[in-house]
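S.K.: Provide a 3D model corresponding to the input given below.
(2 chains)
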There are 2 protein chains.
Amino acid sequence: MERALAEAAAAGDAGEVSVGAVVIKDGQLIATGQNRNLRDHDPSAHAEIVALRAAGAALANHRLEGCEMCVIIEPCAMCAGALVHGRIKRLIYGARDPKAGAVDSMMQVVNHPRLNHRMQVTGGVLEDRCAAILREFFQTRRKIKE
Amino acid sequence: MERALAEAAAAGDAGEVSVGAVVIKDGQLIATGQNRNLRDHDPSAHAEIVALRAAGAALANHRLEGCEMCVIIEPCAMCAGALVHGRIKRLIYGARDPKAGAVDSMMQVVNHPRLNHRMQVTGGVLEDRCAAILREFFQTRRKIKE
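M.R.: Take a look at the predicted model:
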C-alpha cells in the first residue's frame, strides 16, 4: 500500500485525481498504475485499469491468475468489473468510497452472486492515510477553483 | 450498428469474442473498437473500452461530451462504468446479456440513481443479428473444444 500511496501522490502532482494501485504476484510487484484520465485523454484510465493493463502486458496474459491488487480507494464499477475479468485473486483497498464504491459501498460488482469469479477482499488498509491523500487533493482543487 | 457488427465479425475472425462497438458524434463515426483481450493481453480490452479510448484520443479529451456509443451487446459492469465516466450521451445496444449485462439485465450501472451522469438508452437494435453473431461464435468455439 505504501507504493500505491506513492503512485497516488505522483498522480496528484501531475494534476490527476490522486489514486494509485499496484499488482503483486507471489509477493513480487509486477505492475503499478496511477490515474491518467487527463494525460491520456482516456475515460477508462483509472489507476486500477492502468495497473491491470500493465500486469497483463508483464505476464503476456489477460487472465491475471494468482495476482493481488492493492489500491488506495475502493474501486468503482468499471474497475471492479475489470478486476473480475482479470480473475484477480485478492483485492486490498484503503479508503471506502460511499459515493461510487462498487465492492462494499454503493453496489457490489466484486463477488456479485451472478458473476463467475470470486476474490478475497480486505478493505480499510492504511485507511486514514489513503483517505487523507484524496481529501487533500480535493481540498486543493476546490481552492484553485475559488 | 452495421459497422459495429462488422467489427464484431473481425474480432471473431481473430479468435476473440465477437463484439464490436463504435462511437458517433454529430452523426460522424469518430472511433471503432473490437474485443482485443487475447491479442493485447489486456483484461480491460472489451470492444466498448477500446472504442472509448480511441474516441478520447480522437477528441483529445477524456470527456466524450455529445457522443453516442453503439455496441452489439448490452455492456458489462466494467464497460457500463466507463460509459458513465466518459459522459456518453446515448447508448444504443443490440442483444441483451442476461448473464452479465449492467444496463438493464443483471444490474444497473448506467443511470444508477447514485451516479452523477444520465444517458439515453436504446436496446434491442438489430437484436436478432447481434445475438446471432455471438451465438455462432460460441457454438464454433464449443465445437473446437470437443
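S.K.: can stretch A:127-140 be found next to chain B?
M.R.: No. Using Cβ under 8 Å from any Cβ of the partner chain, stretch A:127-140 never reaches chain B; the gap is at least 14.6 Å. (C-beta placed from N, C-alpha, C; glycine too.)
S.K.: show me what that stretch is in contact with.
M.R.: Applying Cβ atoms under 8 Å, 6 or more residues apart in numbering or on different chains, the contact partners of stretch A:127-140 are A:1, A:5, A:8-9, A:12, A:17-19, A:72-73, A:93-96.
S.K.: same thing but at 7 Å, please
M.R.: Residues outside stretch A:127-140 that contact it (Cβ atoms under 7 Å, 6 or more residues apart in numbering or on different chains) are A:5, A:8-9, A:12, A:17-18, A:72-73, A:94-95.
S.K.: centre of the chain to that stretch, how far?
M.R.: Distance of stretch A:127-140 from its chain centroid, counting by Cα atoms, centre = their mean, to the nearest Å, is 15 Å.
S.K.: and it, which residues are buried?
M.R.: Neighbour counts over stretch A:127-140 (16 or more other Cβ atoms under 10 Å in any protein chain shown) mark A:127, A:130-131, A:133-134, A:137 as buried.
S.K.: same deal with stretch A:79-95?
M.R.: Quick answer for stretch A:79-95 (16+ other Cβ under 10 Å): A:79-89, A:91-95.
S.K.: what does chain A have sitting close to chain B?
M.R.: A:37-38, A:41-44, A:49, A:52-53, A:56-57, A:60-62, A:64, A:76-78, A:80-82, A:85-86, A:100, A:106-107, A:109, A:114-115 (Cβ under 7 Å from any Cβ of the partner chain).
S.K.: low-scoring stretches of chain A, by residue?
M.R.: A:145-146 (pLDDT under 70).
S.K.: ranges for the strands of it?
M.R.: For chain A, the strands defined by DSSP state E occupy A:20-25, A:28-34, A:67-73, A:90-95, A:120-122.
S.K.: of those strands, which is nearest B:Lys143?
M.R.: strand A:67-73 (31.9 Å; Cβ to Cβ).
S.K.: so which elements touch that closest one?
M.R.: helix A:2-13, strand A:20-25, helix A:47-59, strand A:90-95, helix A:127-145 (3 or more Cβ pairs under 7 Å, 6 or more residues apart in numbering or on different chains; DSSP states H and E).
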